[in-house]
Structure formats: structure tokens, C-alpha cells
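>>> Return atomic coordinates for the entry below.
(one chain, ligands or ions: 1)
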Amino acid sequence: MRVLVVTAVPVERDAVTRAFGGGTGGSGSGTEVSGGDTEVLSLLPGAELHRTGAFDVLAGGVGPAAAAAATAFALAAAAAESASPSPYGLVVSAGIGGGFAPAAPLGSLVVASAVVAADLGAETPEGFAPVTALGFGRDRFTPPPALVREVASATGAAAGPVLTVSTVTGTAERAAALRAAHPGALAEAMEGFGVAEAAERAGVPVLELRAVSNAVGPRDRAAWRIGDALAALTEAFGKTAPVLEGWHRHDH
Ligand SMILES: O=C(O)c1cccc(C(=O)CC[C@H]2O[C@@H](n3cnc4c(=O)[nH]cnc43)[C@H](O)[C@@H]2O)c1
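Residues are numbered from 1 along each chain as shown. Now for the predicted structure:
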């Protein structure tokens, strides 16, 4: 099964392809999957697909709009060059993210049981109203539960809701408001919901996997552990690649 992995930035993309023996070399974790060289396909100027075995990895940009546009374009381009309307069996939103303490500490992994648009809606005197309460669209997607369990088991990731935000949380007050509005949320990032919207429209299931680089809360950029999180992402993809490749969308 072919898998499309969408990250935000090139260093995240390279952390993923490194797990397959591509990118810029091995992680040293011992979990690389043998897969040969990475082939770089140019979809559009500035949008490259890094193909290693069954995995196509794309750095689609930061934020839900960039992620949705890049994912939709990659899915449409793949359909146009294939006999199948959806040659991908799975789309994965992946990268680093903020973790809600204490459940998701720095360097840990989170796999989304729900991909939630945390700030898509309206502010009301009673608090945040999701877009669904306004009578529009949807505010979450549910990845295949059996696949979420398998990925959690293979990687040691915690499974729980992952929030998609357009603004990185930078205060304790905002973190508390998100926790109140989305009980059980384990992490936040900026792309999952955009990737999921595009995948849903193509009829392809979605998964979101995040490595925690920082705590959700007061902004302290010096405390971000991006290198550790990228290494954890590589290791996670090394462990989970066989699960993703072997998964069939009708297993759930
Ligand atoms: O500065 C760097 O070297 C660097 C390397 C990789 C990624 C970055 C980013 O800043 C990318 C932003 C990216 O990360 C996600 N993210 C990470 N932490 C959070 C957070 O607390 N809240 C929301 N998003 C977060 C997000 O998905 C962005 O795409 C820098």
C-alpha cells in the first residue's frame, strides 16, 4: 500500500525519510527500514515529493491551509498519473508538536485518536463554539481506531486527541482554555486538520503522529527540544513503517 506522509517543514520530512534509509543518512537508532534510495519528484516548484519504497513524503508548509492545499495537490497529482482514483491507502500528518503536561512530555510520541480543529469556530459569551455548533462543516476526523492502536503499540506513542491550531499556544491561560474546551487532548500542532480535510475529500483515511518538542504553555523557545523530537520521529517511523505498509484500509 502506498502511504503519503505530509510534514510542515523540510527538516521534519528528512527526519521521516531517514527512517527508510533515505534523506541525509541513518538515525543511529537501529530502526531504519531498508528501502533504498530516495527519489525526489517535483510536483510543483517548491513542492517536492521524496519517495522511498511505499512512502511518499512531502513538506507541505506550516499551518492548516498550507497543509490542506499541499495534501490535496499531492493526492490529485497521484490520481492523475494512476489508473486508480486514490493510489494512496493512507495519509499521515507527521512532525513535531507541543505536548500537554504531564501526559505528553518532551521527546514522547503521540498518535491522534482524533484530529481536532481546536480554534475553528466562534468565540461567544459562553465560551468557544466549534464550527459544527454554528451549523457548518466539521471540527474533527477520526483515524482508524485499530490502526491507532497498532501504531501506539509499535512506537510506544500515547493515543489521544491532537489539536490543530493556527496560533501556537504561548500562555498558561490559553493552554488551560484549550484543555477545558478539549478534555483529554494530548498535543497540539498546526497541520493535522488540514491534511485530514484533504484526505477525507479523496476518500483516504488519515493518521497523525507527533513527536513532542515543547510543552504547550508559556512561550519559551529556548526550552524547545527540536533535535530530540526529530530523532524520536525518525525512530517512530522506523518502527511503524511495517505496520503502515501492511495495513489495509478495510482492516478497521
Ligand atoms: O527552528 C527549527 O529548527 C525548527 C525545526 C523544525 C520545525 C520548526 C517549527 O517551528 C515548525 C513549526 C511546526 O511545529 C509544530 N509545532 C511544534 N510545537 C508546536 C506547538 O507547541 N504548537 C503548535 N504547533 C507546534 C507545528 O505543527 C508547526 O508546523 C522549527
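
>>> what's the spacing between the nearest residue in space to R138 that is not next to it in sequence and G121?
Excluding the flanking residues, the one nearest R138 by C-beta to C-beta, 6 or more residues apart in numbering is T132, at 6.1 Å. For the C-beta atoms, the positions are set from N, CA and C on the backbone; glycine is no exception. Counting by C-beta to C-beta, to the nearest Å, the gap from T132 to G121 is 8 Å.

>>> Could you name every residue contacting both of these two?
Among the neighbours of T132, those also in contact with G121 (C-beta atoms under 8 Å, 6 or more residues apart in numbering) are D139.

>>> neighbour count winner among these two?
G121 (18 against 14; other C-beta atoms under 10 Å).

>>> Could you check how far the more buried one is from A70?
G121 is 24 Å from A70, by C-beta to C-beta.

>>> Same question for F20.
F20 sits 20 Å away from A70, going by C-beta to C-beta.

>>> Over to G97?
From G97 to A70 the distance is 18 Å (C-beta to C-beta).

>>> more crowded one of the two?
Neighbour tally, G97 and A70, criterion other C-beta under 10 Å: the higher count belongs to G97, 33 against 25.

>>> tell me the contacts of G89?
So G89 contacts 1-3, 204-205, 247-249 (C-beta under 8 Å, 6+ apart).

>>> which of these are buried?
Using 16 or more other C-beta atoms under 10 Å as the burial test, those include 2-3, 204-205, 247 as buried.

>>> Could you pull up phi and psi at H248?
The phi/psi pair for H248 (degrees, to the nearest 10) reads phi -120, psi 140.

>>> For the closest residue to G170 other than its chain neighbours, the count of nearby residues, please.
Excluding its sequence neighbours, the residue lying closest to G170 (C-beta to C-beta, 6+ apart) is R219, at 3.8 Å. By other C-beta under 10 Å, 12 other residues sit near R219.

>>> Could you check the pLDDT of R219?
If you check R219, the pLDDT there is 95.

>>> Please name the residues that touch it.
168, 170-171.

>>> of the residues you listed, buried ones?
Counted by 16+ other C-beta under 10 Å, these give V168 as buried.

>>> Quick test: name the residue nearest the centre of the protein.
Nearest to the mean C-alpha position of the chain, counting by C-alpha atoms, centre = their mean, stands S93 at 2.4 Å.

>>> what's across from that residue in the sheet?
For S93, the beta-bridge assignment (DSSP bridges) gives partners V6, E208.

>>> Could you dump the contacts of R219 into JSON lines and include secondary structure and pLDDT?
Conversion of these to JSON lines gives the following (DSSP: H, G, I helix; E, B strand; the rest coil; pLDDT from 0 to 100):
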{"residue": "V168", "secondary structure": "coil", "pLDDT": "98"}
{"residue": "G170", "secondary structure": "coil", "pLDDT": "97"}
{"residue": "T171", "secondary structure": "coil", "pLDDT": "98"}
